[in-house]
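Student: no letters, just coordinates:
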């Protein structure tokens, strides 16, 4: 069973997302490296990416055949989607236990969603 | 007879299949077959084995008919291989059966489901109540309740919520979640905030039955004993807490001869069994407090100093505003109403609980006891505005009206 782990946190909060030039940022990156090694080593990670800040987002919509683009993310929320993993797990409990190891589970939140299977 | 078998059959089928919907449908089929067959030819020697076998056959039929089903042959194989297994198992297999039932309970009370869904699922799958019964107990339309169950079962299926006894690291938290569901079930029945009294008091019986089952299954879990004891000791006083006209009777004014001694004895014994075990948790403390109330032959002989101490221990573990409020009741009985009132005023409670009826009821009682009658009357009326049920409101209104001197 595939689960998407969507990583949400306050991108402007330096306690959760430190400046990339700081030592604290290095610690966050090290956390993700460790997670990648552990979960990846166990064969759990099918995909995973970090996203750039929502400042870089563009929202696209087609209305009556016209492409309408808007600056910014789809929804302005307190916490923003900052990245994701697709994990292969036996069941929700396993997915929850891996999600709890994603560094931003502390200070942020991980939404665990089963991936639709059309097979 | 059929009802007793329900949760075992469900537990076995869910363990076989991990699929609540098929298990429930097949168990329902089997119960219907049992009702007609047993009526005609008598109850078989081993009704549990009989009904489980029928339910497995019914599940096989249902899976065969389901064209879109995934893992069809795997599930069919598993069911067919178990058709001949002895049931109910004996000896070492008893543990297996207990585990099946625990798996069902932990699955229904999985924290990925919302609390209402957990409660409804537990009543349906574990207790075997019908959708209509659950709906009327919770005063919601049957269609709403049915929808709630459908959504929960869909989530269990689609997100693959496992029916499993949680690993040791999570067992404590997950067991607490089960306790919470059973406790809410009990208080929902006990509070009787409206609706059909009879159905709602059934909820208390169901909650007690489930709590007893959980305590038996876990065997060694002190808080599970505490929860069961709390329910028994609370239920023991149930008949005394309302008068013939339906009005509320306060603990101090209750006719203690109406208290059920059998439940008090069982509750106290269960509590002792738990207290001999280790860490004392909130349900045990609550049950111990209930036991002290039950042990007092008249209200004046209540061991308030001991109760005050228990509340303090409870506050040390779980500092909630409601416990703080109850602690102050005990303080007022030990150190006097003025002490309690001073501590209440010095706390953050007046601000935090400005909309909470019981806060105003306590405040009113303390004000009355220190003879600040006008303020007491006003507080009773505010408490009445926030009362949960009709009888409670009437009680508070009449307390305000009869306060002396006018």
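Tutor: Structure's in. What do you need? Every value quoted in this text rests on a predicted model; they were computed, and no experiment measured them. Numbers count the residues shown, from 1 in each chain, chains lettered A, B, ... in the order given.

Student: tell me which parts of chain B are close to chain A?
Tutor: Chain B comes close to chain A at residues B:110, B:112, B:158, B:159, B:160, B:161, B:162, B:164, B:166, as judged by CB under 8 Å from any CB of the partner chain. Backbone N, C-alpha and C define where each C-beta goes, glycine included.

Student: list the contacts of the closest residue to the last one other than its chain neighbours.
Tutor: Excluding the flanking residues, the one nearest residue B:166 by CB to CB, 6 or more residues apart in numbering or on different chains is residue B:174, at 4.3 Å. Residue B:174 makes contact with B:106, B:109, B:111, B:166 under the criterion CB atoms under 8 Å, 6 or more residues apart in numbering or on different chains.

Student: what strand or helix carries residue B:174?
Tutor: Per DSSP states H and E: residue B:174 is located in helix B:168-191.

Student: quick one: average pLDDT of the helix or strand that that helix is followed by?
Tutor: Once the chain leaves helix B:168-191, the next helix or strand it forms, by DSSP H and E, is helix B:197-218. Taken as a whole, helix B:197-218 has a mean pLDDT of 82.

Student: pull out the buried positions in helix B:197-218.
Tutor: Within helix B:197-218, the residues that count as buried by 16 or more other CB atoms under 10 Å in any protein chain shown are B:199-204, B:206-215, B:217-218.

Student: how about stretch B:289-304?
Tutor: For stretch B:289-304, a neighbour-count test (16+ other CB under 10 Å) marks B:289, B:290, B:291, B:292, B:293, B:294, B:296, B:302, B:304 as buried.

Student: ok, now stretch B:106-122?
Tutor: For stretch B:106-122, the buried set under the neighbour-count rule, 16+ other CB under 10 Å, comprises B:106-110, B:112-113, B:117-122.

Student: in strands only, show me those.
Tutor: With DSSP state E as the criterion, strands contain none of those.

Student: look up how far chain A lies from residue B:352.
Tutor: Residue B:352 is 24 Å from chain A, where distance means CB to the nearest CB, to the nearest Å.

Student: again, but for residue B:257
Tutor: Distance, residue B:257 to chain A, using CB to the nearest CB: 51 Å.

Student: next, that residue: secondary structure please.
Tutor: Secondary structure assignment for residue B:257 (DSSP: H, G, I helix; E, B strand; the rest coil): helix.

Student: tell me, how many residues neighbour it?
Tutor: 8 (other CB atoms under 10 Å in any protein chain shown).

Student: which of the buried residues of stretch B:106-122 lies closest to chain A?
Tutor: Taking CB to the nearest CB as the measure, chain A lies nearest residue B:112 of the buried residues of stretch B:106-122, at 5.9 Å.

Student: would you enumerate the residues in contact with the closest one?
Tutor: A:92, A:96, B:155, B:159, B:161.

Student: please repeat the previous calculation with a cut-off of 6 Å.
Tutor: Neighbour list for residue B:112: A:92, B:161 [criterion: CB atoms under 6 Å, 6 or more residues apart in numbering or on different chains].

Student: who are the packing partners of the helix or strand harbouring residue B:134?
Tutor: Secondary structure from DSSP H and E places residue B:134 in helix B:131-137. Using 3 or more CB pairs under 6 Å, 6 or more residues apart in numbering or on different chains; DSSP states H and E, the elements in contact with helix B:131-137 are helix B:142-158, helix B:197-218.

Student: show me what counts as buried in it.
Tutor: Buried residues in helix B:131-137, counted by 16+ other CB under 10 Å: B:131, B:133, B:134, B:135, B:136, B:137.

Student: near chain B, which residues of chain A?
Tutor: Residues of chain A that fall close to chain B, judged by CB under 6 Å from any CB of the partner chain: A:1, A:91, A:92, A:93, A:114.

Student: could you turn the buried ones of those residues into a ChimeraX selection?
Tutor: Selecting only the buried entries of those in ChimeraX, with 16+ other CB under 10 Å as the criterion:
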select /A:1,91,92,93,114
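
Student: and whichever residue of chain A sits closest to chain B, what is it in contact with?
Tutor: Relative to chain B, the nearest point of chain A is residue A:91 (4.1 Å; CB to the nearest CB). Contact partners of residue A:91, counting by CB under 6 Å, 6+ apart, are B:160, B:162.

Student: next: residue A:87.
Tutor: Contacts of residue A:87 (CB under 6 Å, 6+ apart): A:3, A:44, A:98.

Student: circling back to that earlier point, which of the helices and strands packed on helix B:131-137 sits closest to residue A:9?
Tutor: Across these, the minimum distance to residue A:9, taken as CB to CB, is reached by helix B:142-158, at 25.1 Å.

Student: what is the mean pLDDT for the closest one?
Tutor: When pLDDT is averaged along helix B:142-158, the result is 94.

Student: which of the residues in it are buried?
Tutor: Of the residues in helix B:142-158, those with enough neighbours to count as buried (16+ other CB under 10 Å) are B:145, B:146, B:148, B:149, B:152, B:153, B:155, B:156.

Student: what is the subsequent helix or strand relative to whichever strand or helix holds residue B:264?
Tutor: According to DSSP H and E, residue B:264 maps onto helix B:261-275. Heading C-terminal from helix B:261-275, the first helix or strand you meet, by DSSP H and E, is helix B:282-295.
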